[in-house]
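[1] model the following, please.
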Amino acid sequence: MSKSQPPASTIPPQTQDGIHEKPPIDKGMSVASFDGSFAPLVRPTVRRTIPWYKDREYFLGGWTNPSIWKAAVVEAVATSCLVYVSLLTAATLFSYNTPQLGAYIGISNVVLLSIFIYATSPASGGHMNPMITFSAVLAGICPVSRGVLYLCAQTLGASLAGGVLTGVWGQEKAAAIHGGGCFFSPAITTPGQVFLNETFASFAILYLAYGVGLDPRQAVFFGPRLGPLLVGASLGLLTFASSGIAEGYGGAQMNPARCFAAGIVRKDMSYQWIWWFGPAAASVLLALFYNAIPPHHNEDEKLKQECRSQSAV
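    Numbering: from 1, shown residues only. Reported below is the predicted structural model:
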């Protein structure tokens, strides 16, 4: 066995993040080398000896780690740029009055999200979405310190994007295009229907994102190069699928930061609770599912059987 690959039974020391330390591919990826990153290491993570919710270090560790604060700044900048480009894209597509709007939105989201994850994940993990960060914290793959800092940074970044777009478009233009997204007509679609769609669509994108890239062991199958593209494709598919279900409804958004920026642009925070609590509910459901049956549950069962066999001997 090579020196670079210790036995599976070896439990590495914990980092300030509260997760087990793993050797990075290179020094440049060390900031984003945590389990909930879209830039995973090439080897699966070592499982915790205790559940994350019983791990004191998971809640208290990392608050004074400068690299996490720097990564949060990257998240703020990346989220601001992502939201800015996303809302600009939607406004441009609206102006063309094309009947194939949903298809163009889906394709643009595939390209947009993939490129931003590729660009950002080595520096911060590439979340750029409060829903991703919140679900990762509840799933036990993103320590609380990093999660809280990322959530604050993403919200601030979205606020900046909303303020800039307010100046770019002006109030009349912003109102005409509904701020670029996150809107529906209450006369046609009820808030309850929108909330239900937002919740289930958010759960679906989280399920796909964990399956192809966010889960540290699943990421090994696809690698850091293919994972972001598959996550982008997942978002494109879901935005296309929900874009035409009702007149006057922009479809599932699955990113509270984007909707917060859109609300700032059009100076109307009505129904913001839908765009926040829908993804939050989906994050809780995904975390329950992930903790009970993770994508790599077969591997865990084999490991348990091996431990029982060794104990019996």
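
[2] what sits up against stretch 177-192?
    Under the contact criterion CB atoms under 8 Å, 6 or more residues apart in numbering, stretch 177-192 has outside partners 86-88, 90-91, 94-95, 165, 169, 174, 194, 246-250, 253, 258-259, 261-266, 268, 271, 274-275. Just so you know, the C-beta spots here come from the backbone N, C-alpha and C atoms, and that holds for glycine as well.

[3] of these, which belong to helices?
    Using DSSP state H, 86-88, 90-91, 94-95, 165, 169, 174, 194, 258-259, 261-266, 274-275 are the members of the contacts of stretch 177-192 that sit in helices.

[4] I'd like to know which of those residues are buried.
    Among the ones in helices among the contacts of stretch 177-192, those classed as buried by neighbour count (16 or more other CB atoms under 10 Å) are 86-87, 90-91, 94, 165, 169, 174, 194, 258-259, 261-266, 274-275.

[5] tell me how many other residues crowd Lys267.
    In terms of burial, Lys267 registers 12 neighbours under the definition other CB atoms under 10 Å.

[6] and what of Ser108?
    The local packing of Ser108 (other CB under 10 Å) involves 18 other residues.

[7] how near is it to Leu87?
    Taken as CB to CB, to the nearest Å, the spacing of Ser108 relative to Leu87 amounts to 12 Å.

[8] ditto for Leu286
    As for Leu286, its distance to Leu87 is 26 Å (criterion: CB to CB).

[9] now swap in Ser159 and tell me
    Separation of Ser159 from Leu87 (CB to CB) stands at 13 Å.

[10] do the same with Leu206
    Using CB to CB, we find Leu206 at a distance of 22 Å from Leu87.

[11] hey, where'd the helices end up in this protein?
    So, for the chain - with DSSP H - the helices run 56-60, 66-96, 101-124, 130-139, 144-176, 191-209, 218-242, 256-266, 272-292, 297-312.

[12] next, the buried residues of the shortest one.
    Counting neighbours by 16+ other CB under 10 Å, one finds that the buried residues in helix 56-60 are 57-58.

[13] for it, packing partners?
    Here helix 56-60 touches helix 144-176, going by 3 or more CB pairs under 8 Å, 6 or more residues apart in numbering; DSSP states H and E.

[14] what's the distance between the helix it packs on and the middle of its chain?
    Centroid displacement of helix 144-176 relative to its chain, using CA atoms, centre = their mean, to the nearest Å, is 17 Å.

[15] could you list the buried residues of it?
    Judged by neighbour count using 16+ other CB under 10 Å, the buried positions of helix 144-176 are 144-151, 153-162, 164-166, 169, 173-174.

[16] got the angle between it and helix 101-124?
    150 degrees (axes from the mean of the first three to the mean of the last three CA atoms, to 10 degrees).

[17] report all helices and strands that helix 144-176 contacts.
    helix 56-60, helix 66-96, helix 130-139, helix 256-266.

[18] I'd like the distance between Gln75 and Asn97.
    No, residue 75 isn't Gln; it's Glu. As defined by CB to CB, Glu75 lies at a distance of 35 Å from Asn97.

[19] thanks a lot, catch you later.
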